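J.: Predicted model and sequence follow; I will ask about them next.
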Amino acid sequence: MATLILSPHFDDAVLSCWHLLDGGTEVGVVNVFGGVPLADTGGWWDLASGMHSSSGVMERRRSEDEEALALAGREAISLDFLDFQYRERPQAIEPVVERLRALLAAETSLWAPAALAPPPDYPDLIGAALRPHPDHVVVRSAALALHAEGCSVMLYADLPHASASGLPAWVTGHPDGTGPAVAESWRRGLAEAGVDDANSKVRRLSGPAFARKLEAVRRYSSQLAPLELGFGQPIEAPGLLDHEVVWRLR
C-alpha cells in the first residue's frame, strides 16, 4: 500500500512524519497550500520571516522543501491552493477533496494533520500560529471526507504546534509530564476528528534518526527564526520534534 503524507505547507511532513519519510515505506508528499498569490505582498507569516515578496517566498520555500525531502530520497507534489495568510475567504473543503481524490490509487493510505494546538494559556507570540491552523483544519477535514468514502487514513500530531507546551505523559512515558492542560488540549482536538488516544502509535526518534530529522528541518532556513520565536524554543529542544504520534481512523 502506497502512502501519501498530506502536508498543509512545505515543511509539515518533515516536521511531523520524519520516521515515515526516513523509513523504507513507499511514500510521497502532497503540499496542499503551495499556490503563489497574485498580489506580490508579504503575508503575516512572511513578514515574521523577514520576507516581503510572496512569490519569492513561495519559490524559496519550494526549493527548501525539495532539499529537505531529498535527504530522505523523497519528492513532493504541490497543489495550488493559497496559504491562509494570502486568502480573503475561508478555503472550501470540496475543491481540496476533489484534487486529492484524483491523486489516490485504490490502495493509497493518507496521513493528514490532526490539527492540534497548544492549550489556550500558552503565550500568544505569533497569534494564529499557535491556534489550530486553518490550513491544517482544512486538510484534516478533506482527509476525513475521503475516509468516509473508504480511504485508509492516519492522523499525525502536527509539530511543533502540538508539542509547543510539552507532550502528554502517555506520549513520553514519564508520569511527571506536562500536566493536564496539554492532555486536555490534545483530547479536545482529537475529539473534533472523532479520534481517541487508544488508537495512537508513538515513535520516539533515536539519536541518529533525530539528527537526520534536524538536518532536514534546517533546510527550511527561511522558516527557522519564526518557528523558534513563535514556539519559544530551539528546534532541537527535547520534546519539541523528537516524538512523533499518529492515530489510525477506523
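T.: On my side now, so go ahead.
J.: Report the buried residues of the helix or strand bottoming out on mean pLDDT in the chain.
T.: Ranked by mean pLDDT, DSSP states H and E, the weakest helix or strand in the chain is helix 44-48, scoring a mean of 74. Residues of helix 44-48 classed as buried: 45-46, 48 (neighbour count, 16 or more other CB atoms under 10 Å). For glycine as for every other residue, the C-beta is placed from the backbone atoms N, C-alpha and C.
J.: Now do that helix: distance to the chain's middle.
T.: Distance, stretch centre to chain centre, for helix 44-48: 18 Å (CA atoms, centre = their mean, to the nearest Å).
J.: What is that helix packed up against?
T.: helix 221-231 (3 or more CB pairs under 8 Å, 6 or more residues apart in numbering; DSSP states H and E).
J.: Kindly spell out which helices and strands sit in contact with the helix it packs on.
T.: Partner elements for helix 221-231 (3+ CB pairs under 8 Å, 6+ apart): helix 44-48, helix 54-70.
J.: so it versus helix 54-70, what angle?
T.: Here the directions of helix 221-231 and helix 54-70 differ by 90 degrees (axes from the mean of the first three to the mean of the last three CA atoms, to 10 degrees).
J.: Touching helix 221-231 from outside, list them.
T.: 11, 45, 48-51, 57, 60-61, 64, 125-126, 129-130, 160, 164, 217-218, 234-235, 240 (CB atoms under 8 Å, 6 or more residues apart in numbering).
J.: which stretches of this structure form strands?
T.: All strands of the chain, identified by DSSP state E, fall at 3-7, 27-31, 76-78, 109-113, 152-156, 200-204, 243-248.
J.: what packs against the shortest one?
T.: Right, the one you point to is strand 76-78. Helices and strands touching strand 76-78, by 3+ CB pairs under 8 Å, 6+ apart, are strand 27-31, helix 54-70.
J.: likewise the second one?
T.: Counting by 3+ CB pairs under 8 Å, 6+ apart, the packing neighbours recorded for strand 27-31 are strand 3-7, helix 18-21, helix 54-70, strand 76-78.
J.: What are the buried residues along the second one?
T.: Within helix 18-21, the residues that qualify as buried are 18-21, counting by 16+ other CB under 10 Å.
J.: Also the longest one?
T.: By 16+ other CB under 10 Å, the buried positions in helix 54-70 come out as 54, 57-58, 60-61, 64-65, 68-69.
J.: And the furthest pair within those?
T.: Based on CB to CB, the longest span within the buried residues of helix 54-70 runs between Ser54 and Leu69 and measures 22.3 Å.
J.: my guess is Ile235 meets Ala216, correct?
T.: No - taking contacts as CB atoms under 8 Å, Ile235 lies outside contact range of Ala216: 10.8 Å.
J.: Mind checking which of these two has more residues around it?
T.: Ala216 (25 against 19; other CB atoms under 10 Å).
J.: For Glu215, see how far away Ala209 is.
T.: Distance, Ala209 to Glu215, by CB to CB, to the nearest Å: 11 Å.
J.: Could you check which of these two is surrounded by more residues?
T.: A direct count of neighbours by other CB under 10 Å for Ala209 and Glu215 places Ala209 higher, at 17 against 11.
J.: need the contact list for the residue lying closest to the more buried one once chain neighbours are set aside.
T.: Closest residue in space to Ala209, ignoring its immediate chain neighbours: Asp22 at 6.1 Å, by CB to CB, 6 or more residues apart in numbering. Asp22 makes contacts with 72, 209, 212-213, as judged by CB under 8 Å, 6+ apart.
J.: Quick check: the two most widely separated of the residues you listed?
T.: The most distant members of the contacts of Asp22, if one measures by CB to CB, are Ala72 and Ala209, lying 10.8 Å apart.
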